[in-house]
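Asker: Sequence plus the predicted model coming up.
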Amino acid sequence: MSGRTLAELAETMRDIDFTLLSTRTAGGAIAARPMSNNREVDYDGDSYYFAMEDTLLVADIRNDPMVGLGFQGRSGLLGRRPFFVAVEGRAEIIRNSDRFAEHWSKDLDAWFPQGIATPGLAMIRIQAQRIHYWDGEEEGEIVVPTSAAA
């Protein structure tokens, strides 16, 4: 049973810039990579990340779209308690530059100097299905309704 809503969770996650995105490799191993959420945390259950089409990350998602996201930040009085969020979800590879523009941040230019026109650019949309959180005093789970993450 959860004591927090998606909106409350998003507010706590606002200052967490990086996540570990975990996929299952073609060989069955778990691979985790750091990814930036660009502080896009008007969280409705969807997360967006950019990568190159020819990476192992994208190949892993094509083979098995079920992924995990791991976040760590601070919460509580003066941000002294660690705060952990684990997201289980389904990833989708998007190749549409109009959709890229909806989620682009100038900070991404450091990795993709040609912006949304970068050849081979792909956007990964992760639709959360379950979200677990812990902050040292409280823990909970949010099951994301299909309509919220559609």
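Answerer: Yes, it's here.

Asker: can we go C-alpha only for contacts and neighbour counts from here?
Answerer: Noted.

Asker: Let me see the contact set for the closest residue to Val144 other than its chain neighbours.
Answerer: Closest residue to Val144 apart from its sequence neighbours, by C-alpha to C-alpha, 6 or more residues apart in numbering: Gln129 at 5.1 Å. When contacts are counted by C-alpha atoms under 8 Å, 6 or more residues apart in numbering, Gln129 touches 45, 87-90, 143-146, 149.

Asker: Please list all residues in contact with the residue nearest in space to the middle of the chain.
Answerer: With distances taken as C-alpha atoms, centre = their mean, the residue of the chain nearest its centroid is Ser47 (4.2 Å). Contact analysis of Ser47 by C-alpha under 8 Å, 6+ apart lists 37, 40, 124-128.

Asker: Select from the residues you listed the one having the most neighbours.
Answerer: The residue in these with the most neighbours, by other C-alpha atoms under 10 Å, is Ala128 (29 neighbours).

Asker: List only those of the contacts of Gln129 flagged as buried.
Answerer: Buried by 16 or more other C-alpha atoms under 10 Å: 45, 87-90, 144, 149, out of these.

Asker: Please tabulate the residues you listed in TSV, including the columns distance to Met66 and pLDDT.
Answerer: Below are those laid out as TSV (distance: C-alpha to C-alpha, whole Å; pLDDT from 0 to 100):
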residue	distance to Met66	pLDDT
Gly45	14	80
Val87	11	94
Glu88	7	96
Gly89	6	95
Arg90	5	97
Val144	15	88
Ala149	14	45
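
Asker: and the residues you listed, which of them are in strands?
Answerer: Under the assignment DSSP state E, the buried ones among the contacts of Gln129 contribute 87-90 to strands.

Asker: export the residues you listed to TSV and tack on distance to Trp134?
Answerer: Shown next, in TSV, are those (distance: C-alpha to C-alpha, whole Å):
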residue	distance to Trp134
Val87	12
Glu88	15
Gly89	18
Arg90	22
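
Asker: Tell me the one of these nearest Met13?
Answerer: Val87 (12.2 Å; C-alpha to C-alpha).

Asker: Just list whatever residues bridge to that closest one.
Answerer: Leu69, Ile131 (DSSP bridges).

Asker: How about the contacts made by it?
Answerer: So Val87 contacts 68-70, 128-132 (C-alpha under 8 Å, 6+ apart).

Asker: Thanks a lot, catch you later.
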